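Colleague: All I have is the shape, not the residue letters:
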């Protein structure tokens, strides 16, 4: 390898970790928003408050998924345009994202207000109970502040794609600290219950949104906006949303996974088995959050390299990301398989032997394929970042299509263990087609890096068509 390419790889490695580490920190801290809510509600409101916030959370997950679809679609489009040296289209993608966030923040509260009672009944909450009141209060405030929730989620994506990963980390961390302080005052001191915790969350998210989006109107922003730039281009919005659709499906998969596992464990197991599965869920959540930080952190680098046609950089980032994901996944798998009891005791203690046994079983069975699960999650984001949206969409949808029959059929054969094996079985079946798609992309990049004879003018123009389509946000097959 030439000295130039060696130095280039060293530079890309520094940029890789320069984007990945702040993003991982930001993801860990952002996950603290609803964890902090749960801690304060558990201490100062009680069981009805915890039940209310947990029962309302599926609706919040839908809102988060819609916001993630907008944010990831915009992030991919912005970096592609920047890689293609087309700042005008990159700026327009940012403007379109702001309008879509505003539309979501306007429509969602109206729809939630109209179907408020129907939604609570569908969630299985008995009308007139204390849990009903708590869930209703929380959903009213969080749903009404959808614009703040969605903007807060989008800010780190947009800042990273403007070359500011550290600023994204600082803002998200500051928002989490503010949320803790406000929860202490409004829930712990003023006794406002779930209304107080919802208000604390929205205020913190509002501050992050205001500062993060306000940054784009300053001279420090690469994609600096002025008021006259805020003109939407509606024809480009469907492409932006399509690019982000796998993120919405991923959020839907997560909610469906929890719902189906909980219901099936209550049929084939016990409350202790359900509690044990919660331990596996928390462990998996930590694994996924760190991995999402890695994947979303390097997304700007991948999209810029793809948009600019820097195939060697793209193949290097692809290989490095997959290696880090696999090493991290194997390390977590070894920890869970070799030391399941100490891991379980972090959550359950040692007092309840039945609960501890259920948690150990859930950890070893349900997380049995966690390295491959990490590859699938990273692979979907990787394809999405390269504007291979259809492939990412197929893998995301296939995950749901495989899980649905397995989680009903496997328990018929093996009871409770069948429920716990449904997810790793889905992952094992999904890994070969994803690896084939990734290998195909890898081979394409390697062929593109190989020395070629100069193309004729007409051939060069034809080769430029796919890049132009990607840079415009038009989905590719």
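Modeller: Good, I have the coordinates. Note that this is a predicted model, so its numbers are computed, not measured.
Colleague: Secondary structure element holding residue 191?
Modeller: Remark: residue 191 resides in no helix or strand, with elements defined by DSSP states H and E.
Colleague: C-terminal to the strand or helix carrying residue 36, what's the next element?
Modeller: Secondary structure from DSSP H and E places residue 36 in helix 32-44. Sequence order places helix 47-83 as the next helix or strand after helix 32-44, per DSSP H and E.
Colleague: what mean pLDDT does that next one have?
Modeller: Averaging pLDDT along helix 47-83 yields 85.
Colleague: Might you quantify the distance of that helix from its chain's geometric centre?
Modeller: 7 Å (Cα atoms, centre = their mean, to the nearest Å).
Colleague: Of all the residues in the next helix or strand after that helix, which ones are buried?
Modeller: Following helix 47-83 in sequence order, the next helix or strand is helix 87-114 (DSSP H and E). In terms of neighbour count (16 or more other Cβ atoms under 10 Å), helix 87-114 has its buried residues at 89-101, 104-105, 108-109, 112. No exception for glycine: its C-beta is placed from N, CA and C like everyone else's.
Colleague: now swap in stretch 275-289 and tell me
Modeller: Buried, per 16+ other Cβ under 10 Å, within stretch 275-289: 275-281, 283-284, 287-288.
Colleague: Would you convert those residues into CSV that also reports pLDDT and distance to residue 186?
Modeller: Shown next, in CSV, are the buried residues of stretch 275-289 (pLDDT from 0 to 100; distance: Cβ to Cβ, whole Å):
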residue, pLDDT, distance to residue 186
275, 77, 30
276, 81, 34
277, 82, 32
278, 75, 27
279, 79, 30
280, 83, 33
281, 80, 28
283, 83, 31
284, 85, 31
287, 88, 32
288, 88, 30
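Colleague: ok, those vs residue 230, which is closest?
Modeller: Using Cβ to Cβ, residue 288 comes nearest to residue 230 of the buried residues of stretch 275-289, at 35.2 Å.
Colleague: any idea which helix or strand carries that closest one?
Modeller: Using DSSP H and E, residue 288 falls in helix 271-308.
Colleague: can you give me the angle that helix makes with helix 47-83?
Modeller: 20 degrees (axes from the mean of the first three to the mean of the last three Cα atoms, to 10 degrees).
Colleague: gap between helix 271-308 and the chain center?
Modeller: 7 Å.
Colleague: In the protein, what residue spans correspond to strands?
Modeller: Using DSSP state E, the chain contains no strands.
Colleague: Below-threshold pLDDT in it: ranges please.
Modeller: Per-residue confidence for the chain (pLDDT under 70) gives these ranges: 1-2, 4-5, 31-35, 37-38, 47, 50, 54, 451-477.
Colleague: redo that, cut-off 50
Modeller: 455, 457-477 (pLDDT under 50).
Colleague: of the buried residues of stretch 275-289, closest to residue 396?
Modeller: residue 288 (14.5 Å).
Colleague: Show the backbone phi and psi for residue 145.
Modeller: phi -100, psi 30 (degrees, to the nearest 10).
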